[in-house]
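A.B. asks: Need the 3D shape of this:
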Amino acid sequence: MKKITIISSFLLSSILWGQNINEYQFTPIVNNDHTSVLNQGQTGTCWSYATISFLESEVKRITGKSIDLSEMYIVKNTYPDKAYNYVYRQGKAQFSEGGLAHDVMNAVRKGGVVPHAEYLGLSPDAEKHDHSIMVAKLTAYVENLVNHQKAFLHENWQKEFDAILDEYLGKEPTSFQFEGKTYTPHQFAEFLKINPDDYVSFSSFTHVPYYKPFVLSIPDNFSNGSFYNLPLDEYMQLMNDALNKGFTLSFSSDVSEPTFSAKQGLAILPLEGKKEDYFKVLLPEKWATAEERQKNFENFTTVDDHLMHITGILKDQLGNQYYDVKNSWGSDLANGGDVYMSAAFMRMKSIAFMVHKDALSKDLKKKLGIQ
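C.D. replies: I've put the predicted structure just below:
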């Protein structure tokens with residue numbers, strides 16, 4: 001009887017993992033409101049694209065309004081803070097194109113938001129975003145200040161830095177018309193009911209206490225943003241609960257793995273299998289422990305290199321869960337530019353996420369001290 005059971009299990013496994021029936025077939029389970037996929041172009045501004053997309057979904061959820069907000073307005077208003085941080089830490093800080101979701105909230109708090117139509121963030125002769133020359137000039141400018149402080153660090157350096165931004169991104173509006181009314185960027189954020197203080201960031205690591213805020217030690221956290229640390233299972237459960245309640249999430253992740261493919265529209269974490277089969281045939285996946293997740297983070301197998309927007313949940317034909325992740329690399333890819341990310345990949349490779357505090361249960365709010 002035992003031998004028959006073993007043989008039957010082997011045959012079942014062969015059927016499940018080796019036949020054409022296991023080519024990926026997805027069924028949407030949760031599909032929350034979101035705007036269309038955009039292309040960030042030759043820029044490192046995924047953090048703004050992901051979180052502005054997230055805020056557009058928030059506006060729809062809270063007010064019912066469909067809105068297209070400017071990503072580059074946020075980028076423009078964040079660069080001066082990066083420069084100040086870099087210069088007055090005498091170059092011992094990150095100055096790059098990267099950022100995190102809370103940097104968008106900081107920019108909204110400081111400068112509000114504007115419709116995309118009011119600020120394209122393009123130089124007069126440009127049709128697509130390409131920040132390569134601008135970033136080189138900005139970097140050279142702040143490095144020169146740091147390396148030759150006595151000669152070049154003067155009271156007008158920030159205005160000179162802003163002038164470089166104006167040259168490539170354009171001057172941002174101080175007021176504009178929307179639906180027949182005049183708004184400042186701050187007034188427009190209030191009109192859309194975007195309150196930066198309503199958003200909370202979460203991560204899951206073992207080197208810091210659970211249920212406490214901590215500063216996540218990754219290069220793009222130049223602004224020293226705080227994240228609440230949750231046990232891994234609770235981190236994943238909060239993500240699921242939020243999506244099922246109609247919330248979406250802005251999140252950061254490692255996308256450098258060979259099993260992440262925007263072209264194929266899939267991100268998976270298979271236990272085994274030939275590389276060429278990763279995106280063709282369903283394979284058993286690795287379900288990481290908290291300790292394995294921590295080890296991957298500390299040996300740089302998992303790194304923070306991209307932000308995206310989680311909008312929904314799907315399942316494959318075997319009932320495995322995936323997240324519908326809106327990317328910012330254009331719509332001419334699989335799934336119209338979305339990536340279907342397995343729960344196993346998310347569990348191991350996601351770094352952190354941001355969500356509205358109303359997505360949290362009363363018990364979790366109480367445990368974290370969130371009002």
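A.B. asks: next structured bit after the longest strand seen in the chain?
C.D. replies: Counting residues, the longest strand found in the chain (DSSP state E) is strand 306-316. Next in sequence after strand 306-316, counting helices and strands by DSSP states H and E, comes strand 321-326.
A.B. asks: Which neighbours in the sheet does the longest strand of the chain have, and how are they oriented?
C.D. replies: strand 26-31 (antiparallel), strand 249-253 (antiparallel), strand 321-326 (antiparallel) (DSSP bridges).
A.B. asks: Any idea how far that strand is from the middle of the chain?
C.D. replies: 11 Å (C-alpha atoms, centre = their mean, to the nearest Å).
A.B. asks: in it, what counts as buried?
C.D. replies: Using 16 or more other C-beta atoms under 10 Å as the test for burial, strand 306-316 gives 306, 307, 308, 309, 310, 311, 312, 313, 314, 316. Every C-beta, even on glycine, is put in place using the N, C-alpha and C of the backbone.
A.B. asks: And the furthest pair within these?
C.D. replies: Greatest spacing in those, by C-beta to C-beta: 307 and 316 (25.2 Å).
A.B. asks: So for the most centrally placed residue in the chain, what's the nearest residue that isn't a sequence neighbour?
C.D. replies: Compute the mean C-alpha point of the chain, and by C-alpha atoms, centre = their mean the closest residue is residue 307, 2.5 Å away. Leaving out its chain neighbours, the residue that sits closest to residue 307 by C-beta to C-beta, 6 or more residues apart in numbering is residue 50, at 3.9 Å.
A.B. asks: Check residue 141 too.
C.D. replies: Per C-beta to C-beta, 6+ apart, closest to residue 141 is residue 161, 6.0 Å.
A.B. asks: burial measure for the one you found, as a count.
C.D. replies: For residue 161, the neighbour count with other C-beta atoms under 10 Å is 21.
A.B. asks: again with residue 175
C.D. replies: 12.
A.B. asks: Quick check, pLDDT for it.
C.D. replies: Looking at residue 175, its pLDDT is 98.
A.B. asks: ok, so what distance separates it from residue 183?
C.D. replies: Separation of residue 175 from residue 183 (C-beta to C-beta, to the nearest Å): 7 Å.
A.B. asks: same check, this time on residue 35
C.D. replies: Distance from residue 35 to residue 183, by C-beta to C-beta: 20 Å.
A.B. asks: which residues sit in contact with residue 72?
C.D. replies: Neighbour list for residue 72: 45, 48, 119, 120, 121, 122, 129, 169 [criterion: C-beta atoms under 8 Å, 6 or more residues apart in numbering].
A.B. asks: Can you give me the buried ones in the helix or strand harbouring the second one?
C.D. replies: According to DSSP H and E, residue 48 maps onto helix 46-63. Buried residues in helix 46-63, defined by neighbour count with 16+ other C-beta under 10 Å: 46-61.
A.B. asks: Of these, which is the nearest to residue 146?
C.D. replies: Among the buried residues of helix 46-63, residue 47 lies closest to residue 146 (C-beta to C-beta), at 23.9 Å.
A.B. asks: contacts for stretch 252-262?
C.D. replies: Here stretch 252-262 has contacts from 47, 100-101, 220, 266-270, 275, 278-279, 302-308, 327, 329, 333-334, 337, 339, 341, 345-346, 349-353, using C-beta under 8 Å, 6+ apart.
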